[in-house]
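K.L.:
Sequence unavailable; structure follows:
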């Protein structure tokens, strides 16, 4: 089976920084995705890490440590529109059609 | 680029009827399409993986005779929920990938079975 753990909820103030951690133990690993999902909508792609290290993309950054089975998504300069669920997903190897195994999601609430 | 559409966006049906949901990749050819189900406040659960021209691969616990998947072309996959019951009410989301790993998601279909 696949185990992907992330906190259930986080709350932060507008303009602040929030870090969402994700740990994983999976039968295979090809890379790690972060998706954003607003209530009632489908997920949208945020980031993809395959090598160790930090990937920065505007206000969002994602980090991966393959040896530790650990990733985080960093949201800077939080805006109200960032209130959403953030999904950590492990991409399984090509032999598994690059299937994604999702964590339960972290609901981030941004307060004024 | 990488746009995936789904139709219908929502559907209400009576118990016992069948419902077909279409998933299309609009600007790329999808090597593989995936079907997920999401219950309120839960994460996405993969139901099946579909490659064009071959039978879908279903995840453990998903009834293949109840959730029929057809992937007739590189841009279209359909999911038919047969003899739907209230417990099948859910948010059904498809995704598609081209040659790489990134999956692009459709907008989802909300199904309510009365």
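P.N.:
Done, it's in. Computed from a predicted model, the values in this text were never measured in an experiment.
K.L.:
Give me the phi and psi angles of residue A:80.
P.N.:
phi -60, psi -40 (degrees, to the nearest 10).
K.L.:
Spit out the contact partners of it.
P.N.:
A:14, A:110, A:112 (C-beta atoms under 8 Å, 6 or more residues apart in numbering or on different chains). The C-beta positions use only the backbone N, C-alpha and C, and glycine is treated the same way.
K.L.:
Could you do residue A:16 as well?
P.N.:
Residue A:16 touches residue A:78, counting by C-beta under 8 Å, 6+ apart.
K.L.:
For the nearest residue to residue A:104 once chain neighbours are set aside, give me its contacts.
P.N.:
Nearest residue to residue A:104 in three dimensions, chain neighbours excluded: residue B:43, at 4.6 Å (C-beta to C-beta, 6 or more residues apart in numbering or on different chains). Residue B:43 makes contact with A:87, A:102, A:103, A:104, A:105 under the criterion C-beta under 8 Å, 6+ apart.
K.L.:
returning to that earlier point: just the ones of the contacts of residue A:80 in strands?
P.N.:
Among those, the members falling in strands (DSSP state E) are residue A:110.
K.L.:
now, among the contacts of residue A:80, which is nearest to chain B?
P.N.:
Using C-beta to the nearest C-beta, residue A:110 comes nearest to chain B of the contacts of residue A:80, at 18.4 Å.
K.L.:
Is the closest one in contact with residue A:77, as I believe?
P.N.:
No - with contact defined as C-beta atoms under 8 Å, residue A:110 does not reach residue A:77; the gap is 10.7 Å.
K.L.:
Of these two, which one has the most company?
P.N.:
Remark: of residue A:110 and residue A:77, residue A:110 carries more neighbours, 20 against 11, as counted by other C-beta atoms under 10 Å in any protein chain shown.
K.L.:
mind listing what the more buried one touches?
P.N.:
Neighbours of residue A:110 in contact, by C-beta under 8 Å, 6+ apart: A:11, A:12, A:13, A:14, A:78, A:79, A:80, A:82, A:83.
K.L.:
got it, and residue A:71?
P.N.:
Applying C-beta under 8 Å, 6+ apart, the residues near residue A:71 are A:21, A:22, A:23, A:24, A:32, A:34, A:49, A:62, A:63, A:64, A:65, A:88.
K.L.:
Of those residues, grab the buried ones for PyMOL.
P.N.:
Here is the PyMOL command that selects the buried residues among the contacts of residue A:71 (16 or more other C-beta atoms under 10 Å in any protein chain shown):
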select buried, chain A and resi 22+23+24+32+34+49+62+63+64+88
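K.L.:
Work out for me the element residue B:21 sits within.
P.N.:
strand B:19-25 (DSSP states H and E).
K.L.:
what does the helix or strand that comes right after that strand rub up against?
P.N.:
Sequence-wise, the next helix or strand downstream of strand B:19-25 (DSSP H and E) is strand B:32-38. If you take C-beta under 8 Å, 6+ apart as the criterion, strand B:32-38 is touched by A:97-100, B:23, B:25, B:44-51, B:67, B:69, B:71, B:77, B:79, B:90-97, B:103, B:108.
K.L.:
Stretch A:4-15 and chain B in contact?
P.N.:
No - residues of stretch A:4-15 are not located near chain B by C-beta under 8 Å from any C-beta of the partner chain, the shortest gap being 8.8 Å.
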